[in-house]
Each structure stands twice: as structure tokens, then as C-alpha cells.
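K.L.:
pasting the sequence and the predicted model now:
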Amino acid sequence: MSQIVKTEAVVLKSMKYGETSKIVTFYTQKYGKVTGIVKGARASKSKFGASLDSMAYVLLVMYKKETKGLNLISQCDLLKSFRYISSDLDKLAEGLKVIELVYRVAHDEEQNLPLFKLIVGTLSDLDKADKNFSSIGFTFEIKLGEILGYSFNFSTCGKCGRNNFRKTEQTGSLLFDFSRGAALCSDCQNYIIHPVKISSDNLAILNRLETTAEISAASNIEINPQNKTEIGNFLFDYLRYHISELKDLKSDKIFNNLKKSNPH
Ligand SMILES: [Zn+2]
């Protein structure tokens, strides 16, 4: 048994199937991650066009199964293609990171409205941004962690709550506790469970990224290449520490290959 439903969605992944069809995974507004078959999607006069490309924001009509499994997609209309994301390789890498992470961490058919809004908001801001695309990508990762229940605290000690990092640490490096999502000050370091080093400069940058109310404002935060590498590794390792679906992935494996891949 299946029912016909309509929902907004973002295309996460699309692959060829048989002679003319495609199997497409969407993140939908109403049902979370959903996979469906689009018959005739690759036929020469297909009505689907660019609506099945990765990152496309669409309005979907499908025959949805009552049990989890492959659904039949009957209609998919493009609401927005975010076409400027593909115009720049660095932008594209951030956009693909967004959909790859969602594809990995989202469970099938579990609605999560904040996550849906975060995906659409991030892709839309990335589409419009003209600089500092990685700051947008980092803000996405921070907010993704928060939505999934792994919040950060970049401003105060995760144990005593004081903000005395800079006064007590002269080395420029602090110990961040992945299990608490916060750094610990030098007085509290005996309580640390999963310590990871982070420079105090980068902790301050992460605090700025986390406290930007709108993701679009993150594109005003410039980060130098060395700090970018440390922050990128830090955030991905943090997500991987908490989210079992990411544990078998190495960050370079996903993200370095993304730059070479094609979204279509
Ligand atoms: Zn403390």
C-alpha cells in the first residue's frame, strides 16, 4: 500500500538505474530522508530536467510506501537550483559537504524540520555568498551538531563555567573535551574525558561562528588557511566522535574527493 504525498525536498544523491531511470535520495520537509525511483528520468524528453541534480530544491510528489523502502516519484518540480554554487569550486566543495553530511547522518524517514531549514538556509546563503565559503560550511557543521544534540560551548570552561582560558594559558593551545563539547580551563583539566588540542585563536573563531545568528553573516568571518585546516579537522572529528554513521569515514576521503566530483 502507498499514499500519494507532496513535500518540499533537497536532492542529496542521484544515481542511474536501469536504462532510463534514476534512484534519488532526498531530504524532505515532511518525512526526512527518503529514497525513490524516478522512472524515465534519463529518457531524452524527460520532464524532470535539472530537478534531480544534487542540491536542487524541489517540490516532490510521490507514492509513498507505508513501510520504509523505495518510493515511486511521480513529479519533481524545481523550486530553486542554487546554480551559483556550481560556479565556484570552493563553493561547490562546501555545498557538496552539506549534502554529503546530511546523507550520512540522517536516518530514513525521520522528520526533522530544523535540519531541513538548516540545509535550505545554508545552500541558499552559499549560493549568494561572494567570499569566505568555508566559514559558511563550518557554521553549518556547528549547527548540525547542535540540531543532533551535540552542542558546543566555545566561550566558557565546560566544567567550572569560568571564562579564564586566555589568562591561564600562555601556550596558545587549549584542551577541548569532545565528550562535553567545551574546552576546559587549566584548573579543570583533570576532569577531561576526550581531550583534543585547539589553539585559543581558533576557539575564538569558532565562538564567533557559533554566535552568528544568521549563517549568511558567517561569510564576513575571514579565516586564514592554516586556521581553516585546524578548524575543519576539529569540527569533522567532533561530529565523527559523536555520530556513529560518520565513524568509518576519513575527512580527507570525503572532502578532498568532493572537489573533484561532479554534482550532476
Ligand atoms: Zn574550569
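P.N.:
That came through, no problem. Numbers count the residues shown, from 1 in each chain.

K.L.:
distance check, the residue nearest to G158 when sequence neighbours are not counted against L12.
P.N.:
Take G158 and drop its neighbours on the chain: the residue closest to it by CB to CB, 6 or more residues apart in numbering is A182, 2.8 Å away. (Glycine included, C-beta is placed from N, CA and C.) The span separating A182 from L12 equals 31 Å under the rule CB to CB, to the nearest Å.

K.L.:
how close does the closest residue to T7 other than its chain neighbours get to N227?
P.N.:
Beyond its immediate neighbours in the sequence, the residue positioned closest to T7 (CB to CB, 6+ apart) is K30, lying 4.1 Å away. Taking CB to CB as the measure, K30 and N227 are separated by 39 Å.

K.L.:
who in the stretch 101-250 of the chain is up against the ion?
P.N.:
Counting by CB under 5 Å from the ion, the stretch 101-250 of the chain comes close to the ion at C157, K159, C160, C185, D187, C188.

K.L.:
which one (most neighbours) among these?
P.N.:
Sorting those by how many neighbours each has (other CB atoms under 10 Å) puts C157 first, at 24 neighbours.

K.L.:
let me know the secondary structure of that residue.
P.N.:
Here C157 is recorded as coil under DSSP: H, G, I helix; E, B strand; the rest coil.

K.L.:
contacting residues for the residue most central in space within the chain?
P.N.:
The centroid of the chain falls nearest to V98 when counting by CA atoms, centre = their mean (3.3 Å). Applying CB atoms under 8 Å, 6 or more residues apart in numbering to V98 gives the contacts M55, I119, T122, L123, L126, G137, F140.

K.L.:
which ones among those are found in helices?
P.N.:
Using DSSP state H, I119, T122, L123, L126, G137, F140 are the members of the contacts of V98 that sit in helices.

K.L.:
count of neighbours near the third one?
P.N.:
This means L123. Residues near L123, counting by other CB under 10 Å, number 24.

K.L.:
V61 pairs with what?
P.N.:
V61 forms beta bridges with K6, Q75, as assigned by DSSP bridges.

K.L.:
quick check, it in contact with I4.
P.N.:
Yes: in this structure, V61 sits in contact with I4. The criterion is CB atoms under 8 Å, and the distance is 6.8 Å.

K.L.:
out of the ones in helices among the contacts of V98, which two sit at the greatest distance?
P.N.:
When the ones in helices among the contacts of V98 are compared pair by pair using CB to CB, the farthest-apart members prove to be I119 and G137, with a separation of 12.6 Å.

K.L.:
any idea how far G161 lies from G232?
P.N.:
Computed with CB to CB, the distance linking G161 and G232 is 28 Å.

K.L.:
compare the two (neighbour count), which wins?
P.N.:
The neighbour comparison of G161 against G232 (other CB under 10 Å) goes to G232, with 18 against 12.

K.L.:
helices and strands around the helix or strand harbouring that one, which ones?
P.N.:
When secondary structure is defined by DSSP states H and E, G232 falls within helix 225-242. Using 3 or more CB pairs under 8 Å, 6 or more residues apart in numbering; DSSP states H and E, the elements in contact with helix 225-242 are helix 133-147, strand 195-199, helix 200-211, helix 251-260.

K.L.:
most packed of the ones you listed?
P.N.:
With neighbours defined by mean count of other CB atoms under 10 Å, none of the helices and strands packed on helix 225-242 is more surrounded on average than helix 133-147, at a mean of 23.

K.L.:
other SSEs contacting it?
P.N.:
Helices and strands touching helix 133-147, as assessed by 3+ CB pairs under 8 Å, 6+ apart, comprise helix 89-105, helix 113-128, helix 200-211, helix 225-242.

K.L.:
dump those helices into CSV; add mean pLDDT as well.
P.N.:
Output for the helices and strands packed on helix 133-147, formatted as CSV (pLDDT from 0 to 100):
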stretch, mean pLDDT
helix 89-105, 94
helix 113-128, 97
helix 200-211, 93
helix 225-242, 94
